[in-house]
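In: Here is a sequence with its predicted model. Questions after.
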Amino acid sequence: MKVSTIKATAALCLWFALCGIAASKLVNNEIAERKQAKFDILTGLLRTTKKVKRLMDDFQYIVDAEIILEFLQQSVRDSFQLLLTTELNKTRIGVDGKKAVGADAEYCMLDIAVDLDKIKLGVHNKFNECLNSTLYNFSVRFNDFISLIDRGNKVIDNLGSIYNSCTAYPYARKQCLDNKSDQAEILIESYKEISKVYPTFYRRDVKKEIEQGVFCMYKHVQQSKANITMAAYISQTCVEGAE
């Protein structure tokens, strides 16, 4: 074999070797890019899903909080009604005692019944104000959560569609992932921006609102108890003075 032929053959072999290495690197790079694009889409899908799941959990927490608050309000109403009934019964005992000795104190019973009804109506109105104020705050949160959850689910659906559309065509997968990974990133980032309006301290705020609602009711109960005590004193004086 001539020297020139050997050199040409060696050069050709070297060229093929270098091309093979370059082609191998290119293939490896394409695979790495494809894997990265696939990873980015799936990671974004997972993160968005977790975010929506957390929103749904916190949404349920608020629903439970509303039920708890309404239950507490009913419990306070029942306790307050027991207090009113107790005072009426005390007056009835006094009126019946006067009646047993020939005195008429029935008008005292009528007077305290009217007074206690006014107190009851007033405190129930205050209870409703306390509850409605808190429930209004909850309703605002409900709307926030529903909106964020709906948007998050749409992002999840869109990300799933992007990924599925690319994996459905193996031969065009790389180009598809390359083209649509940016689209997926925009979806993920847009939802991340939207969800920033959701404070991470919602649970703490909900707990605080329940406490404020309970304190609101407690405050009015204490004031009404003072009014009941005054009505009871007036009734007792009335019964004692009956002839």
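Out: Received, thanks.
In: Quick check: closest non-adjacent residue to residue 214.
Out: residue 72 (5.9 Å; CB to CB, 6 or more residues apart in numbering). Where C-beta positions appear, they are placed from N, C-alpha and C, glycine not excepted.
In: what's the domain layout of this protein?
Out: 1-37, 39-241 (the TED database).
In: what's the first-to-last distance across stretch 190-207?
Out: 30 Å (CA to CA, to the nearest Å).
In: Quick one: mean pLDDT for the host helix or strand of residue 161?
Out: In this structure, residue 161 sits in helix 106-167 according to DSSP states H and E. For helix 106-167, the mean pLDDT works out to 80.
In: Then stretch 208-219?
Out: 81.
In: Can you give me the buried ones in that stretch?
Out: Of all the residues in stretch 208-219, those buried under the rule 16 or more other CB atoms under 10 Å are 209, 210, 213, 214, 216, 217.
In: Return the residues in contact with residue 235.
Out: By CB atoms under 8 Å, 6 or more residues apart in numbering, the contact list for residue 235 reads 87, 91, 94, 108, 109, 111, 112, 115.
In: State the number of residues packed around residue 221.
Out: Other residues near residue 221 come to 19 when the count uses other CB atoms under 10 Å.
In: hang on, it packs against residue 124?
Out: No: Residue 221 is not in contact with residue 124 according to CB atoms under 8 Å; the separation is 11.0 Å.
In: what sits against residue 216?
Out: 126, 129, 130, 133.
In: what secondary structure does residue 102 sit in?
Out: coil (DSSP: H, G, I helix; E, B strand; the rest coil).
In: Do you know the pLDDT at it?
Out: The model's pLDDT for residue 102 equals 81.
In: where does it fall, phi/psi-wise?
Out: With angles defined as degrees, to the nearest 10, residue 102 sits at phi 90, psi 10.
In: go on, residue 104?
Out: Dihedral angles (degrees, to the nearest 10) for residue 104: phi -110, psi 110.
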